[in-house]
Each structure stands twice: as structure tokens, then as C-alpha cells.
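A.B. asks: Here is my input, please return the structure:
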Amino acid sequence: MNPITKAALPRRTFLKAAGVALALPMLESMTPALARAAEAATPRRFLGICNNLGVLPEHFFPTQGTGKDYELSTYLKLLERHRNDFTVFSGVSHPDVDGGHPADICFLTAAPHPSSGGFRNTISLDQYIAEQIGVQTRFPSLTLGVNTSGGLRSLSWTGSGVLIPCEEKPSAIYKAMFTQGSAEQVNAQVKKLERGQSILDAVAGQAKDLQRTLPQRDRDRLDQYFGSVRDLEHRLAVSKEWETKPKPAAPGPAPVDVVSPAEYMAKTKLMYDMARLAFESDSTRCVTLMLDSVNSPALELEDAEITDGYHNLSHHGRNEAKLKQLKAIDEWHMKLLGGMFDGLKETKENGLALLDRTMVLYGSNLGNASTHVTTNMPVLLAGGGFRHGQHLAFDTERNYPLPNLFVSMLQRMGLEADRFASSTGTMRGLEEA
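C.D. replies: Numbers count the residues shown, from 1 in each chain. Have a look, this model is predicted:
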């Protein structure tokens, strides 16, 4: 039979033997060859951005109209040239994610009650994606941050609930993507990876000896551990292969790092540039960016005087002077976001705008930073192959689950996912283009 026209093998096919049913992993034969070639030529990507102090809701959310007939709000007017490239949501939140500021670490995990004693985070959306497709690129994911206290705040969390520290220096990101190490440096890195793999082999061997003496429940837990070890071994092997492959040519001079936390907007712009370059060079297909406004001082803006720390301003108490400064800061956020959309639209990949293949999720864990509420979160989604140009309005009192959007995004990435965290399905009203 012609392998090009042969019907694709269903993903839900099972291997059955001795009473055990095992779901097949994703195989190339599960999609027609021509479709695989098209997807490989134009991969899909994800960028998740969280500003943990959010924006003034009265200037962000549309107040007139829903669907495609909505009227742009004050802030969204700054993105007007991209109106048909994004969808804005109102009345969405993460069920049971509360606690005010601590909720920022749950923006991409939706793990409940982050401020409770004994809280343990769950896997973030980017890491879920990276586990599936991360081996296809040099970096499974990039975790970036602005003013994140030395990388100690992050949007990215592993499946075992471990924080992945942010990289705050654009120069370091640029070097990792484009600077080829010497032969000696490459060999040293390969040996380091080989040592890591040998350690895993030794630990797994010891665990197998132990398994024979354990009760069934502990043996089941060890089986899960073995699965994790096998996954890590595979990642180490792939990483070793990437070490020997030439890096893409540098697109220009390396960026100069911005040192002062007060130059927050300059830092943010550089991180947007790094995310675009990462996608443009196909160095990774998953990027997260934590904009840690809570830990930012009085900002330096070109066209406004900011007299107080970002966090203090957010507790404005309806003070007109504070609201005016916050509005100036929020508008800069929108301008930079629009500029990033410009760059993704201007960058072409196989004749398509990079934005068309890149899902950009922008939002906050706080619906209103002044009162610390985590409901009615300000969220918009741009690009990525959806039908945009609309306002999806849900009940602002009884919110619609934002994790449903995550399921839709996972499926648009080509991943088989019916649930993520507290989702109840896919995002209602959001259709693929």
C-alpha cells in the first residue's frame, strides 16, 4: 500500500497482551506523511506571559458588546492594528486558585489554594507541552523573567511540582541560542551529560533490587519512578545529540543587559525580543515570561513620572495620582505587547507569519491587584491559528474555567489532551482557523 495515501493509525489504538492494555505512544505512522511534512515545516509554538500585578480592569475589559461586535476598551485600542489577531476574555479564572499574590505561580498550572499550608504545585502548561515535543528542539523550553528576585519566582513548574528558575539576562539567553562553544567545551558538556546518564542507570539498578522486597503499593510507585528515569535518560541522550549540532547563525550583535530594576519596560522589551528570536531560530517552541511587578521599584518611563513602587501603586485606594501612574504603566505594557505582535507578524516562516503559528497568552493571576481578587482575570490570546477578533464574555460573578483555554491550546499544538488541571472541556466560543 502507498505509504503516502495510507490511512493514519488511530492514536487510541491499544497493544493488548496477557490482559494488559497499553496505549501506544505518538508514532509517525499515526498521521499521513504529507500532513507530517507540512507540520514539520511550520511547527506550532507557545508563549505564556504573566504580569503578576495585572492591569486596571476598568480600562482593560470591553464594556460594550461581545463577540466580533465588541468595542475596544481604552487599553485594547493600543492593540487596534492587531484586532483580528487576538481574542479577549472576561469572566474567566482558575477554580479554587486564591490567596492573592501567591497565585502568580499557578497562572499556568491552575493548582488550587497556593497560599495554603503544604501546598505543592503541579505541572505548568509549558512543561506539559515540553514533555511531549521538547526533544524536537535544542531547548525543550525557555523560562524567562523580569525582576524575579534572582529567578526565584517563575511560571514554569515540573510534573513533580518543582520550580524552574527564570533566566533574567538576555545576553545569557542569546549566548545559549547562538554562540557555539569550542570543541573542548562541547566535549566537556557531552561528558557531563554522559555522567548524568550513568548515575541514573546506577540508581535505577539499585531501585530494581529494592523493588523485590516491597509491598505492591510501593512497587507501583517505583514503576512510576522507572518511567521518569527512562524519560530523563531519553532527554539526556537527545541533549547529547544537540551538543554536537551547530547552532544557528547569530542574527546580530548580542543584546546588552539592562541592570536597573527601574528600567522594567526596557527589560520586558528585551525579553520579548529573546522570545521572538527563540521561535524564529526554532531553538525552542515553549517560552514563559514572568513579569514580577510585585518586586519592582518605581519605574522609569519616558513619558510619565512614577513616584512610588509598582506594588504600592497597585494598592491605590482610588487615589487619582496613583491611578494616573498605574494607567501610564499599563499603557506601556500594551504598547510593548503590540510591538511584540508586530515582530511576530513581520517574521515569516515558510511564507506564513510567525504569529499565525505562535499562541501568545497574556494575562495576570489577579483580576484586581488593589483588592487581591483572583477572579475575572484579564486575559487575551493572540495568534496560534484560532479565529480571533472577538470578545468572549462569561459570567463575571460565576467565572468560566480558564483551564478550558489550556485544553484548546494543547489540542491546537497537536497534542492529545482532553483535560488540564481543573478544566471541564475546551474553551467555549474559540474556534480553530
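A.B. asks: which SSE is the closest residue to residue 326 other than its chain neighbours in?
C.D. replies: Counting by Cβ to Cβ, 6 or more residues apart in numbering, residue 313 is the residue found nearest to residue 326 once chain neighbours are left out, at 5.2 Å. In short, each C-beta sits where N, CA and C put it, glycine included. Per DSSP states H and E: residue 313 is located in helix 310-314.
A.B. asks: just checking, next helix/strand downstream of that helix?
C.D. replies: Next element after helix 310-314 (DSSP H and E): helix 320-346.
A.B. asks: Please spell out which residues along that following helix are buried.
C.D. replies: Across helix 320-346, burial judged by 16 or more other Cβ atoms under 10 Å covers 322-323, 325-327, 329-334, 336-337, 340-341, 343-345.
A.B. asks: mind listing the helices in the stretch 1-150 of the chain by residue range?
C.D. replies: Listed in chain order, the helices of the stretch 1-150 of the chain (DSSP state H, counting those that start in this stretch) span 33-41, 57-60, 125-133.
A.B. asks: Confidence-wise, which of those helices is weakest overall?
C.D. replies: Among the helices of the stretch 1-150 of the chain, helix 33-41 has the lowest mean pLDDT, at a mean of 48.
A.B. asks: just the strands in this structure please.
C.D. replies: With DSSP state E as the criterion, the chain has strands at 14-17, 20-23, 45-51, 86-90, 92-93, 142-146, 286-291, 348-349, 352-353, 358-363, 379-382, 390-393, 400-401.
A.B. asks: a markdown table for those, including mean pLDDT, mean neighbour count and distance to residue 215?
C.D. replies: Listed next are the strands of the chain as a markdown table, based on pLDDT from 0 to 100; neighbours: other Cβ atoms under 10 Å; distance: least, Cβ to Cβ, whole Å:
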| stretch | mean pLDDT | mean neighbour count | distance to residue 215 |
| --- | --- | --- | --- |
| strand 14-17 | 39 | 9 | 26 |
| strand 20-23 | 37 | 9 | 21 |
| strand 45-51 | 98 | 26 | 41 |
| strand 86-90 | 98 | 24 | 48 |
| strand 92-93 | 98 | 25 | 42 |
| strand 142-146 | 97 | 26 | 38 |
| strand 286-291 | 98 | 27 | 39 |
| strand 348-349 | 94 | 14 | 53 |
| strand 352-353 | 94 | 14 | 55 |
| strand 358-363 | 98 | 24 | 44 |
| strand 379-382 | 98 | 22 | 46 |
| strand 390-393 | 98 | 21 | 50 |
| strand 400-401 | 98 | 22 | 38 |
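A.B. asks: In a markdown table, list those along with distance to residue 168.
C.D. replies: As requested, these are arranged in a markdown table below (distance: least, Cβ to Cβ, whole Å):
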| stretch | distance to residue 168 |
| --- | --- |
| strand 14-17 | 46 |
| strand 20-23 | 40 |
| strand 45-51 | 15 |
| strand 86-90 | 27 |
| strand 92-93 | 28 |
| strand 142-146 | 5 |
| strand 286-291 | 10 |
| strand 348-349 | 28 |
| strand 352-353 | 29 |
| strand 358-363 | 19 |
| strand 379-382 | 24 |
| strand 390-393 | 34 |
| strand 400-401 | 32 |
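A.B. asks: Neighbours of the closest residue to residue 331 other than its chain neighbours, how many?
C.D. replies: Closest residue in space to residue 331, ignoring its immediate chain neighbours: residue 78 at 6.3 Å, by Cβ to Cβ, 6+ apart. Neighbourhood size, residue 78 [other Cβ atoms under 10 Å]: 19.
A.B. asks: Relative to residue 45, how far out is residue 78?
C.D. replies: Here the criterion is Cβ to Cβ, to the nearest Å. By it, residue 78 lies 24 Å from residue 45.
A.B. asks: now residue 68
C.D. replies: 26 Å.
A.B. asks: what about stretch 421-428, average pLDDT?
C.D. replies: Per-residue scores along stretch 421-428 average to 98.
A.B. asks: Sorry, wrong one. I was asking about stretch 260-273.
C.D. replies: Here the average pLDDT along stretch 260-273 is 97.
A.B. asks: what's the offset of that stretch from the middle of its chain?
C.D. replies: 18 Å (Cα atoms, centre = their mean, to the nearest Å).
A.B. asks: cool, and stretch 406-421?
C.D. replies: On Cα atoms, centre = their mean, the centre of stretch 406-421 falls 13 Å from that of its chain.
A.B. asks: Show residues contacting it.
C.D. replies: By Cβ atoms under 8 Å, 6 or more residues apart in numbering, the list of residues contacting stretch 406-421 from outside reads 11, 26, 39, 44, 46, 94, 108-111, 122, 125, 128-129, 132-133, 359, 361, 381, 384-386, 403, 423, 425-427, 430, 432.
A.B. asks: so who does the residue nearest to residue 331 touch?
C.D. replies: 331, 334, 335, 338.
A.B. asks: which stretches of the stretch 101-250 of the chain have low pLDDT?
C.D. replies: For the stretch 101-250 of the chain, residues meeting the criterion pLDDT under 70 lie at 181-183, 185-213, 217, 219-243.
A.B. asks: and if we set it to 80?
C.D. replies: Low-confidence segments of the stretch 101-250 of the chain (pLDDT under 80): 150-151, 180-244.
A.B. asks: Contact partners for the residue lying closest to residue 281 once chain neighbours are set aside?
C.D. replies: Leaving aside its sequence neighbours, residue 281 sits nearest to residue 248 (Cβ to Cβ, 6+ apart; 4.4 Å). Applying Cβ under 8 Å, 6+ apart, we find residue 248 in contact with 177, 178, 281, 282, 283.
A.B. asks: JSON lines for the residues you listed, including neighbour count and distance to residue 377?
C.D. replies: Output for these, formatted as JSON lines (neighbours: other Cβ atoms under 10 Å; distance: Cβ to Cβ, whole Å):
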{"residue": "177", "neighbour count": "21", "distance to residue 377": "31"}
{"residue": "178", "neighbour count": "17", "distance to residue 377": "36"}
{"residue": "281", "neighbour count": "17", "distance to residue 377": "32"}
{"residue": "282", "neighbour count": "14", "distance to residue 377": "31"}
{"residue": "283", "neighbour count": "20", "distance to residue 377": "30"}
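A.B. asks: Cheers, nothing more for now.
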